[in-house]
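S.K.: turn this into a structure:
(chains A and B)
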Protein chains: 2
Amino acid sequence: MTLLVVGSVAYDSIKTNSEQRTDVLGGSASYFSIASSYFTNVKLIAVVGNDFKRKDVDLFNSHSVDLSGLEIKTGETFRWSGMYGKDVNIRQTLSTNLNVFSDFSPKLNLSHVESPYLFLANIDPEIQLDVLNQMQRQPKLTALDTMNFWIEGSKASLLKIIRKVDMLFIDSNEALSLTGENNIAKAAKQIQNIGPGVVIIKKGEHGAILFNQDSIFIAPAYPIDNVVDPTGAGDSFAGGFMGILAASDGDTSDINLRRATIVGSIMGSYAVQNFSVHGLNALKLADVTARYNKIWAMSKFESTGESKSLPWSQFKPHG
Amino acid sequence: MTLLVVGSVAYDSIKTNSEQRTDVLGGSASYFSIASSYFTNVKLIAVVGNDFKRKDVDLFNSHSVDLSGLEIKTGETFRWSGMYGKDVNIRQTLSTNLNVFSDFSPKLNLSHVESPYLFLANIDPEIQLDVLNQMQRQPKLTALDTMNFWIEGSKASLLKIIRKVDMLFIDSNEALSLTGENNIAKAAKQIQNIGPGVVIIKKGEHGAILFNQDSIFIAPAYPIDNVVDPTGAGDSFAGGFMGILAASDGDTSDINLRRATIVGSIMGSYAVQNFSVHGLNALKLADVTARYNKIWAMSKFESTGESKSLPWSQFKPHG
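M.R.: Modelled structure (predicted):
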């Protein structure tokens, strides 16, 4: 059930409408690994500088995240800073300093290369490719996340790695920009034709849409009325999703993928309720179950759970 | 089961990214009445000019919409023109000429004033108030739609009518602007405190959220990959919703409100597939049922239909 993740571990500086935080733990692999750690064993591949704090190592340890692939290099940890306006869905990047990430060349160890589940979190697609190539045997399941920065700057490498994975997580606007389509369903179809059979389009506060081979699942977001910091919501979503798949022995039945999407939504909802990974940090499985049941209650519209005809016979039948 | 609607009947000129139409039938009451006519008896209150075309009268007649409240006045029918860009969700109004609508003062007849269901479609809130005041007895159910134009220009009258209705339909951005909140759930709560126990927040391609007294229902939009013209989607949504409520004898149980929301979503999805009311024009109830079952299939995530615990026991229990 081991889930291997390669991605960034960073120190983020975040400004929101009302608050700010400096140099707090962030990065795609941080959010992903903590979110997925609730469901399965996680091993993390990343690099940090020698300024990386002991308390953040402890944090990963407290979630039993395997850090044997966390390289510590002389220099500074990757820094990202961004701000959110009154509409928390609009993010502006203020600065990006790759620091030790700029020449990161991951070396997988023996315990890494046989992992059955691999998640290539948002990072340079060349690194994603490198990691995939180091895997001893084809993992049971590979999934990828990316962002506009790579779509705009490294499209050729990105398409190369997209071709090789089973699943792609991507924001709705990024899906449109990657494919040149102006419709999400068409974009997903085009991505499926490139390679991944499963495409998960993330829509932030509007939820997510799962495009499987012959089925579409429209997943709501868990409604949060006190969004503090949306950073990491997508990585946490992917963490919940992949955590469920790894925990269920790679069950990619349509129903299990849908369940995984809902759990992804839930992990995203916890992530946005606090800065850094603090919204994810102290959960219990019972918390996740509670939101799972609440989302279920907020989504159902036939009490029997069975598809049925509406009682048209009682209606005026001019149609 | 009679559903009375007051609103606009207009000639719209629409530019989309690829096409344009001039002086086609539009207006909130047109979309609403045709959408709801599939489910119940509808009577329409509006005014048109003496340029109103015979074929548009015939269209309403073919849907058995009662036109005894459609006043024909010397002058021109209300004209609205707008355009949509590549992102069809962004509308720009090019011109609005109220024409005969500018001094519309509806006079309800005996058959109107006893209607059990009343929908005050998007129109000047003073006219909405006037119509409500003319009702002989309090209707079983009153619902209201509005838009930013009235929120910005006639807020006092708008709040007066909002206080008096059972249900409010409103776009998500307009709900925020009406209440000054930056969160939909908070905005809905504030509106419920003003008066209407049921608030339906419309989110266009992202669906709708129904806020009932003690329950929230997150309804998906039916995905359309060939949106032609989004004009009237919200009015058609309300038409489907209110049509179901009127047809089911005013059943406002939570499950029936949810069903009505889905049917609203479906009527909106048909509306956007063609210019003017042509997407709604030639439906059969079987078409609506087919989409109803498809939305159900795209929304469900527990095959049993029953809320249940996830199989956490099989997971690594560190959380």
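
S.K.: let me see the ranges of the helices in chain A.
M.R.: A:28-36, A:54-62, A:110-113, A:125-134, A:148-153, A:155-162, A:172-179, A:184-194, A:233-247, A:254-271, A:278-281, A:285-299 (DSSP state H).

S.K.: next, the buried residues of the fifth one.
M.R.: Residues A:150-151 are the ones in helix A:148-153 that count as buried (16 or more other CB atoms under 10 Å in any protein chain shown). C-beta here means a position set from N, CA and C on the backbone, and glycine is covered the same way.

S.K.: show the average pLDDT along that helix.
M.R.: Summarised as a single mean, pLDDT over helix A:148-153 is 92.

S.K.: packing partners for it?
M.R.: helix A:155-162, helix A:172-179 (3 or more CB pairs under 8 Å, 6 or more residues apart in numbering or on different chains; DSSP states H and E).

S.K.: also the first one?
M.R.: Helices and strands in packing contact with helix A:28-36 are listed as strand A:3-6, strand A:42-49, helix A:54-62, helix A:233-247, helix A:254-271, helix A:278-281; criterion 3+ CB pairs under 8 Å, 6+ apart.

S.K.: remind me which residues of chain A are low pLDDT?
M.R.: Along chain A, segments meeting pLDDT under 70 span A:303-319.

S.K.: make TSV from the helices and strands packed on helix A:28-36 and add mean neighbour count to it.
M.R.: Shown next, in TSV, are those (neighbours: other CB atoms under 10 Å in any protein chain shown):
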stretch	mean neighbour count
strand A:3-6	29
strand A:42-49	26
helix A:54-62	13
helix A:233-247	29
helix A:254-271	24
helix A:278-281	20
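
S.K.: out of the helices and strands packed on helix A:148-153, which is closest to chain B?
M.R.: Distance to chain B, taken as CB to the nearest CB, is lowest for helix A:172-179 among the helices and strands packed on helix A:148-153, at 9.3 Å.

S.K.: relative to helix A:184-194, how tilted is that closest one?
M.R.: 50 degrees (axes from the mean of the first three to the mean of the last three CA atoms, to 10 degrees).

S.K.: what's helix A:172-179 in contact with?
M.R.: Counting contacts by CB atoms under 8 Å, 6 or more residues apart in numbering or on different chains, the residues outside helix A:172-179 that touch it are A:146-148, A:151-152, A:155, A:158, A:170, A:181-184, A:186-188, A:190-191, A:199, A:201-203.

S.K.: buried among those? Need that as a selection in PyMOL.
M.R.: The PyMOL selection below is limited to those of these classed as buried (16+ other CB under 10 Å):
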select buried, chain A and resi 146+151+158+170+181+183+184+186+187+188+191+199+201+202+203
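
S.K.: hang on, the earlier thing: return the most buried member of the helices and strands packed on helix A:148-153.
M.R.: helix A:172-179 (a mean of 20; mean count of other CB atoms under 10 Å in any protein chain shown).

S.K.: output that helix in PDB with nothing but the alpha carbons.
M.R.: Extracted in PDB, the C-alpha atoms of helix A:172-179 (Å, rounded to 0.1, in the frame of the first residue of the first chain):
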ATOM      1  CA  SER A 172     -10.200  23.700 -14.800                       C
ATOM      2  CA  ASN A 173      -8.600  26.800 -16.200                       C
ATOM      3  CA  GLU A 174      -5.300  25.000 -16.700                       C
ATOM      4  CA  ALA A 175      -7.100  22.100 -18.500                       C
ATOM      5  CA  LEU A 176      -8.500  24.700 -20.900                       C
ATOM      6  CA  SER A 177      -5.100  26.300 -21.400                       C
ATOM      7  CA  LEU A 178      -3.400  23.000 -21.900                       C
ATOM      8  CA  THR A 179      -5.800  21.800 -24.500                       C
END
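
S.K.: between that helix and helix A:155-162, how big is the angle?
M.R.: 110 degrees.

S.K.: take the helices and strands packed on helix A:148-153 and write them to CSV, including distance to residue B:222.
M.R.: Shown next, in CSV, are those (distance: least, CB to CB, whole Å):
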stretch, distance to residue B:222
helix A:155-162, 28
helix A:172-179, 17
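
S.K.: let me know which of the ones you listed is the nearest to residue B:248.
M.R.: Taking CB to CB, helix A:172-179 is the member of these nearest to residue B:248, at 35.1 Å.

S.K.: spit out the contact partners of the nearest residue to residue A:66 once chain neighbours are set aside.
M.R.: Leaving aside its chain neighbours, residue A:66 sits nearest to residue A:43 (4.0 Å; criterion: CB to CB, 6 or more residues apart in numbering or on different chains). Residues in contact with residue A:43 (CB under 8 Å, 6+ apart) are A:2-5, A:65-66, A:68-69, A:111-112, A:115.

S.K.: how does it look with 7 Å?
M.R.: Residue A:43 is in contact with A:2, A:4, A:66, A:68-69, A:111-112, A:115, counting by CB atoms under 7 Å, 6 or more residues apart in numbering or on different chains.

S.K.: still on that earlier bit, closest to residue B:13 out of the helices and strands packed on helix A:148-153?
M.R.: helix A:172-179 (28.2 Å).

S.K.: how far does that closest one sit from the chain's center?
M.R.: Distance of helix A:172-179 from the chain centroid (CA atoms, centre = their mean, to the nearest Å) equals 16 Å.

S.K.: what of stretch A:264-276?
M.R.: Worked out by CA atoms, centre = their mean, stretch A:264-276 lies 11 Å from the chain centre.

S.K.: what residues does it touch?
M.R.: Counting by CB under 7 Å, 6+ apart, A:14, A:21, A:24-26, A:31, A:35, A:207-208, A:219, A:221-222, A:224, A:226-230, A:232-234, A:236-241, A:279-280, A:283, A:288, A:291-292, A:295 sit against stretch A:264-276.

S.K.: now residue A:83: closest residue in space that isn't a chain neighbour?
M.R.: residue A:15 is the one closest to residue A:83 (CB to CB, 6+ apart), at 3.9 Å.

S.K.: give me the beta-bridge partners of that neighbour?
M.R.: Counting by DSSP bridges, residue A:15 forms beta bridges with residue A:20, residue A:83.

S.K.: write out the residues of the stretch 1-150 of chain A neighbouring chain B.
M.R.: When proximity is defined by CB under 7 Å from any CB of the partner chain, the stretch 1-150 of chain A lies next to chain B at A:37-41, A:63-64, A:86.

S.K.: count of residues packed around the residue lying closest to residue A:137 once chain neighbours are set aside?
M.R.: Distances taken as CB to CB, 6+ apart put residue A:114 closest to residue A:137, at 6.9 Å, once the chain neighbours are dropped. Using other CB atoms under 10 Å in any protein chain shown, residue A:114 has 13 neighbouring residues.

S.K.: that's all I had, so thanks and see you.
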